[in-house]
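**Student:** here are the coordinates; sequence isn't available:
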């Protein structure tokens, strides 16, 4: 996510968000955030039709990964940042629970398969296929021509 979008989410000014990041640079490793290159910034600016003259943004924005968003919520000092930090932690816990439950189901299926004849192999293969279809993300539709 871009810094301006996160600033809106956290209900702070983009300038304050960037300052907080710069003051806590040790917390933001390269895999947590990066700054867009000038070419990327120019392409982005032409896509969102912002002013190219006076006004508007003059420096390339920062882009944050999911880990950077989590770290950002601990760096900003606002009530909204605290709320978002709690929600991010809850989302990670829920994701971990989903992964664990899927792993449990897989191990149970292996145990059942070992205990029964090869007659049920077709059934177990079908169940595995259904499990893999639910975890795959459907391909995105192209927009435009």
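**Tutor:** Arrived safely. As the structure is a prediction and not an experimental result, all values here were calculated from the model.
**Student:** hey, let's count contacts and neighbours off CA atoms from now on
**Tutor:** Noted.
**Student:** And the strands in the protein, which stretches?
**Tutor:** Counting by DSSP state E, the chain has these strands, from start to end: 33-35, 62-64.
**Student:** Distance of residue 40 relative to residue 60?
**Tutor:** For residue 40, the distance to residue 60 equals 8 Å [C-alpha to C-alpha, to the nearest Å].
**Student:** ditto for residue 129
**Tutor:** For residue 129, the distance to residue 60 - C-alpha to C-alpha - is 45 Å.
**Student:** between those two, which one's more packed in?
**Tutor:** Each of residue 129 and residue 60 has its neighbours counted (other C-alpha atoms under 10 Å); residue 60 has more, 17 against 11.
**Student:** Can you give me the domain assignment for the protein?
**Tutor:** 1-77, 85-136 (automatic domain parsing).
**Student:** Output these as a markdown table; include the columns mean pLDDT and distance to residue 143.
**Tutor:** A markdown table is the format used below for those (pLDDT from 0 to 100; distance: least, C-alpha to C-alpha, whole Å):
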| stretch | mean pLDDT | distance to residue 143 |
| --- | --- | --- |
| domain 1-77 | 82 | 15 |
| domain 85-136 | 73 | 21 |
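**Student:** Mind checking the ones you listed for the one nearest to residue 142?
**Tutor:** domain 1-77 (17.1 Å; C-alpha to C-alpha).
**Student:** mind listing the helices in this structure by residue range?
**Tutor:** 3-10, 14-23, 38-47, 66-75, 79-115, 121-135 (DSSP state H).
**Student:** if you compare those helices, which one is most tucked away?
**Tutor:** helix 66-75 (a mean of 19; mean count of other C-alpha atoms under 10 Å).
**Student:** quick one, that one and helix 14-23 angle?
**Tutor:** Calculated by axes from the mean of the first three to the mean of the last three C-alpha atoms, to 10 degrees, helix 66-75 forms an angle of 100 degrees with helix 14-23.
**Student:** orientation of helix 66-75 relative to helix 79-115 in degrees?
**Tutor:** 140 degrees.
**Student:** The chain should start at 26 in everything you say after this.
**Tutor:** OK, 26 is where the count begins now, so the last one is helix 91-100.
**Student:** quick check, distance from helix 91-100 to the centre of its chain.
**Tutor:** Distance of helix 91-100 from its chain centroid, counting by C-alpha atoms, centre = their mean, to the nearest Å, is 11 Å.
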